[in-house]
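Chemist: sequence first, predicted coordinates after that:
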Amino acid sequence: MNSVEIKGLTVAYHRKPVLIDVAFSVPKGKLIGIVGPNGAGKSTLIKAVLGLIPRSSGDVKIFDKSYSPKSKTVGYVPQRGSVDWDFPTNALDVVLMGRYGHLGWFKRPSKKDVAFAMECLDKVGMTQYASRQISQLSGGQQQRVFLARALAQEAEVYFMDEPFVGVDAATEKAIISLLNELKEQGKTVLVVHHDLQTVTEYFDWTLLLNRKTIAYGPTADVFNVDNLQLTYGGKLSFLEKDKMLIQP
């Protein structure tokens, strides 16, 4: 059974197609990179899959069941730029939000939930910042807190929208280590990613996207010059062998 199955996914804004007939399936326990130029619809794809924006057409199944936003099976890490970091809450409370799917909205977290949330913070190296207001954290620290919230959901499938953007090298290393740990536990992780230099290092499978599926499959098979040129067009240049540069 595939963990994620997407068929004929089309999204349009003001009748202008943003995604066109996107289809792919994700085997369980894989780390998937979603790669493409700005405006290719990468973030739109995740939001449409999760029901955060309407789909014009298409079907989404998680473990062979139609996806519901109430599902406890799916975790989500949004782009940092889409979050109101001035909201008056601390890091621990943010992580506890990941438990609401298990608790229900009207139940208070138990001591066990708090202890588990602290374990999640510990996994991302943020235990000492548990009581710190999120607005007082650095960009990398904020991203770690949101990863801890996703861990607290105890999901089977994770969607992450550019988790490496705006973080330092140490945080990037910590994030990829965590993603590999999730994969080793049999979890499936789909990541919107922009750095072409690390795709072959980070991801088992890759989706090359530019409004429609350009190529999809094991990274070693699809991440090549021909497919990248189809995806990025004239915006992609090669400085030397295996070194790629996206031109503005």
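Modeler: Perfect, thanks for sending it. Numbers count the residues shown, from 1 in each chain.
Chemist: residues near the residue lying closest to R144 once chain neighbours are set aside, how many?
Modeler: Leaving aside its sequence neighbours, R144 sits nearest to V124 (Cβ to Cβ, 6 or more residues apart in numbering; 4.0 Å). Yep, even glycine has a C-beta here, placed from its N, CA and C like the rest. By the other Cβ atoms under 10 Å criterion, the neighbourhood of V124 contains 25 residues.
Chemist: V124 contacts A170, doesn't it?
Modeler: No - under the criterion of Cβ atoms under 8 Å, V124 makes no contact with A170, lying 11.5 Å away.
Chemist: where do the strands sit along this structure?
Modeler: For the chain, the strands defined by DSSP state E cover 2-13, 16-27, 31-35, 57-62, 65-66, 74-77, 157-161, 188-193, 205-209, 213-218, 236-240, 243-246.
Chemist: the residue nearest the centre of the chain bridge partners, please.
Modeler: By Cα atoms, centre = their mean, the chain has its centre lying nearest to M160, at 1.2 Å. Bridge pairing for M160 (DSSP bridges) gives the partners V77, V191.
Chemist: gap between it and Q79?
Modeler: 9 Å (Cβ to Cβ, to the nearest Å).
Chemist: quick one: the helices in this structure?
Modeler: Remark: helices assigned in the chain by DSSP state H are 42-49, 91-96, 100-103, 111-123, 139-152, 169-184, 199-202, 219-222, 225-232.
Chemist: lowest-confidence stretch among the ones you listed?
Modeler: Mean pLDDT is lowest for helix 100-103 out of these, coming in at a mean of 64.
Chemist: domains for the chain, by residue range?
Modeler: The chain is divided into the following domains under automatic domain parsing: 2-73+156-246, 85-154.
Chemist: tell me, how many residues neighbour the residue found closest to V95 once you drop the neighbours it is linked to in the chain?
Modeler: Distance criterion Cβ to Cβ, 6+ apart; nearest residue to V95, sequence neighbours excluded, is A117 at 4.3 Å. By other Cβ under 10 Å, the residues close to A117 number 25.
Chemist: now swap in L178 and tell me
Modeler: With other Cβ under 10 Å as criterion, L178 counts 20.
Chemist: and what of D204?
Modeler: 15.
Chemist: so how far is T188 from it?
Modeler: For D204 relative to T188 (Cβ to Cβ), the value is 10 Å.
Chemist: identify the contacts common to the two.
Modeler: 30, 32 (Cβ atoms under 8 Å, 6 or more residues apart in numbering).
Chemist: mind listing what's buried in stretch 172-191?
Modeler: 172, 174-176, 178-179, 182-183, 187-191 (16 or more other Cβ atoms under 10 Å).
Chemist: distance to D64 for the residues you listed - can I get that in JSON lines?
Modeler: Shown next, in JSON lines, are the buried residues of stretch 172-191 (distance: Cβ to Cβ, whole Å):
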{"residue": "E172", "distance to D64": "34"}
{"residue": "A174", "distance to D64": "33"}
{"residue": "I175", "distance to D64": "29"}
{"residue": "I176", "distance to D64": "29"}
{"residue": "L178", "distance to D64": "27"}
{"residue": "L179", "distance to D64": "24"}
{"residue": "L182", "distance to D64": "21"}
{"residue": "K183", "distance to D64": "21"}
{"residue": "K187", "distance to D64": "17"}
{"residue": "T188", "distance to D64": "13"}
{"residue": "V189", "distance to D64": "19"}
{"residue": "L190", "distance to D64": "17"}
{"residue": "V191", "distance to D64": "23"}
